[in-house]
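**Student:** here is my input, please return the structure:
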Amino acid sequence: MNHPKYQIYQGNNDKFYFRLTASNGQNILSSQGYAAKAGCKNGIESVKNNGTSTDRFEVKEAANGKFYFNLLAANKQVIGTSQMYANKQTCQNGIEAVQRVAAEAGVEDTTA
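**Tutor:** I've put the predicted structure just below:
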């Protein structure tokens, strides 16, 4: 499957995760661990529903001075977290990449 896409995978801890990749294959959003695959799929649906809304993103600065963002659900729970960015502008570019692809990206299940 080509990018952009959501990729479901299982970690060494047996939890299920997803990552959202951009058109260029770069990882732009990663999920928390889910005990069941169904929860992971619900997380993807939440990104599709919330990922196009500007007010659902929060930019944070890490202790090392780099920036990252969280995508929040309507209840303010974190759905996904970005990689670290060198500055606020590249972090904003990452948010815009999620907004562009969140609703239309396909799903690849590597655990099937």
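**Student:** rest of the way, CA atoms for contacts and neighbours
**Tutor:** OK.
**Student:** ok, the closest residue to residue 36 other than its chain neighbours to residue 95 distance?
**Tutor:** Distances taken as C-alpha to C-alpha, 6 or more residues apart in numbering put residue 16 closest to residue 36, at 6.4 Å, once the chain neighbours are dropped. According to C-alpha to C-alpha, to the nearest Å, residue 16 and residue 95 sit 23 Å apart.
**Student:** contacting residues for the residue nearest to residue 36?
**Tutor:** Contacts for residue 16 (C-alpha atoms under 8 Å, 6 or more residues apart in numbering) come out as 8, 9, 10, 33, 34, 35, 36, 37, 40.
**Student:** again, only using 6 Å
**Tutor:** Residues in contact with residue 16 (C-alpha atoms under 6 Å, 6 or more residues apart in numbering) are 9, 10, 33, 34, 37.
**Student:** now the strands: where do they sit in this protein?
**Tutor:** Taking DSSP state E as the criterion, the chain contains strands spanning 5-10, 16-21, 27-31, 57-61, 67-72, 78-81, 106-109.
**Student:** of those, which is nearest residue 51?
**Tutor:** Each of the strands of the chain has some distance to residue 51 by C-alpha to C-alpha; the shortest is strand 67-72, at 7.0 Å.
**Student:** who touches the most centrally placed residue in the chain in this structure?
**Tutor:** Among the residues of the chain, the smallest C-alpha distance to the mean C-alpha position (C-alpha atoms, centre = their mean) belongs to residue 29, namely 2.6 Å. When the contact criterion is C-alpha under 6 Å, 6+ apart, the partners of residue 29 are 19, 20, 80, 81, 82.
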